[in-house]
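Enquirer: make a model of this:
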Amino acid sequence: MEEAKGEGLAVFREILSRVVDSVSKVIVGNRSEIELILASMLSGGHVLIEGVPGVAKTLIARSIASSMGLEFKRIQGTPDILPSDIIGVNIYDQRSSSFIFRKGPIFTNILFVDEINRLPPKTQSALLEAMQELQVTVEGITYRLPEPFLVIATMNPVEVEGTFPLSEAQIDRFLAKIEISYPGVEETVEILRRYDMIQSMPLKPVASREEILSAIKSVRNVRVDDNILKYISLLIQAMRNNRYVRLGPSPRGAIAVYMLSRALALIRGRGYVTPDDVKQVLYPAVSHRIVLRDEARLSRISVRSVVEEALSRVDIP
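Expert: Modelled structure (predicted):
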C-alpha cells in the first residue's frame, strides 16, 4: 500500500512539475508564485494578486489554464459591471416561449478578474459568494460551477481613485495573496530574449483536466503530523500577539496555511508536510489577514516583518 501511494505521489509530482515548467517557459522569475497559484487550485481556494500593471499577471493566469487544458475567461473590473454580467441572466426565448439561462463568464475553470476593487460592492459580493459556494442561484434555480474552479483576482496597489476597497471579511475569502513586483535586470533581459517566442508560440496542454482533478483529491492524503499542526498554531498565535497587530489571522488563516502546505508538499512529490512547506506558504496565506495598528507605520513595521518575527521566535519542530 505504501509503495502504491509512493508511486502515486511520483506521478502527481511529474504531472504538476510539467505544468510549472511549461508556465515558466513564458513567465520569467516567478516560479514560486506559479507554484502557489497551483497550490491554491489544488486546495480548492482562490488567489488575490497585488501588482502594478505590466508584470504579467494576466499572462500567468492564461498560461496556467493553457498548460492544463482548462477553460479561461477574463473580466476587466469597471464600476458599471452588474452581478448578472458575471453570473448570467435569464433571457426570454420566443421560439420556445420560455426563459433560457445564459451563463456568464463565471462558468469557466479559471476566471481572471482584473482590478476586482473597481467592481461595485454589489458585484463584488455576488462574485465572492459564488467563489465560496461554488454555485450560483438565479431566480430560485441553482447552477453548479465547473470543476476545477479557480478565481485569480488582481488589485493595483498604487491606483486607488475610483475603486471600491474590499473589506477585511471579503479579502479573507481568498486562500492566498501573492505580490508580484518588477523583475530585476537579468530577468528583464531574459523577458526580452523570450518575447518573440512567447508571442508566436502558444502553450499546449501538458496535463489534462482529469489529472488535475485527481491531484486535487490526492491532496487530502498528504500527512500533516501533530508537531506541524502545533507549529502552524504557534505561528498564528505569535502574529496575533504582536503589539503592532490590531487584527491577526483568523482560524481561516490557520486553515489556509494548513491547506497550502499540503498542496505544496504534493507538488514537490511528498506525502507529508515539512516545516519548510509551512514557511514558504505562511506569508501568502496570512498577509492579507493581518491589520496593523497606526503606530506600526511610525515604527516602520510592515506585515512582512510581523510574519518574519513570528518565524524567528517560534521553534522549528
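Enquirer: which residues of the chain fall in strands?
Expert: Per DSSP state E, the chain carries strands over the ranges 47-50, 72-76, 88-93, 98-103, 110-114, 135-138, 141-144, 150-155, 176-179, 245-247, 291-292.
Enquirer: what angle separates the fourth one from strand 88-93?
Expert: Here the directions of strand 98-103 and strand 88-93 differ by 150 degrees (axes from the mean of the first three to the mean of the last three C-alpha atoms, to 10 degrees).
Enquirer: ok, residues contacting strand 98-103?
Expert: Strand 98-103 has contacts (C-beta atoms under 8 Å, 6 or more residues apart in numbering) with 88-93, 138, 141, 143. Glycine gets a C-beta too; all of them are placed from N, C-alpha and C.
Enquirer: and stretch 17-36, end to end?
Expert: 13 Å (C-alpha to C-alpha, to the nearest Å).
Enquirer: could you pull out the buried residues of it?
Expert: For stretch 17-36, the neighbour count (16 or more other C-beta atoms under 10 Å) marks 17-20, 22-24, 26-30, 33-36 as buried.
Enquirer: over to stretch 269-280?
Expert: Buried residues in stretch 269-280, counted by 16+ other C-beta under 10 Å: 270-271, 273-275, 277-280.
Enquirer: kindly report the same for stretch 219-234.
Expert: Neighbour-count burial for stretch 219-234, counted by 16+ other C-beta under 10 Å, picks out 219, 222, 224, 228, 231-232.
Enquirer: which among the strands of the chain is found nearest to Ser261?
Expert: Ser261 lies closest to strand 176-179 among these, at 11.4 Å (C-beta to C-beta).
Enquirer: contacts for the closest one?
Expert: With contact meaning C-beta under 8 Å, 6+ apart, strand 176-179 is reached by 33, 36-37, 39-40, 45, 47-51, 171, 256, 260, 281, 284-285, 287-288.
Enquirer: now, the residues you listed that are in helices?
Expert: 33, 36-37, 39-40, 171, 256, 260, 281, 284-285 (DSSP state H).
Enquirer: which among those residues gets closest to Ile316?
Expert: Nearest to Ile316, judged by C-beta to C-beta, of the ones in helices among the contacts of strand 176-179 is Val281 at 15.0 Å.
Enquirer: count of neighbours near the closest one?
Expert: Using other C-beta atoms under 10 Å as the criterion, Val281 is surrounded by 29 other residues.
Enquirer: setting the sequence-adjacent residues aside, check what's closest to it.
Expert: Leu260 (3.9 Å; C-beta to C-beta, 6 or more residues apart in numbering).
Enquirer: need the contacts of strand 98-103 in JSON lines (columns: pLDDT).
Expert: Formatted as JSON lines, the contacts of strand 98-103 follow (pLDDT from 0 to 100):
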{"residue": "Gly88", "pLDDT": "93"}
{"residue": "Val89", "pLDDT": "91"}
{"residue": "Asn90", "pLDDT": "89"}
{"residue": "Ile91", "pLDDT": "89"}
{"residue": "Tyr92", "pLDDT": "83"}
{"residue": "Asp93", "pLDDT": "81"}
{"residue": "Val138", "pLDDT": "86"}
{"residue": "Ile141", "pLDDT": "87"}
{"residue": "Tyr143", "pLDDT": "92"}
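Enquirer: please consider this matter closed, and thank you.
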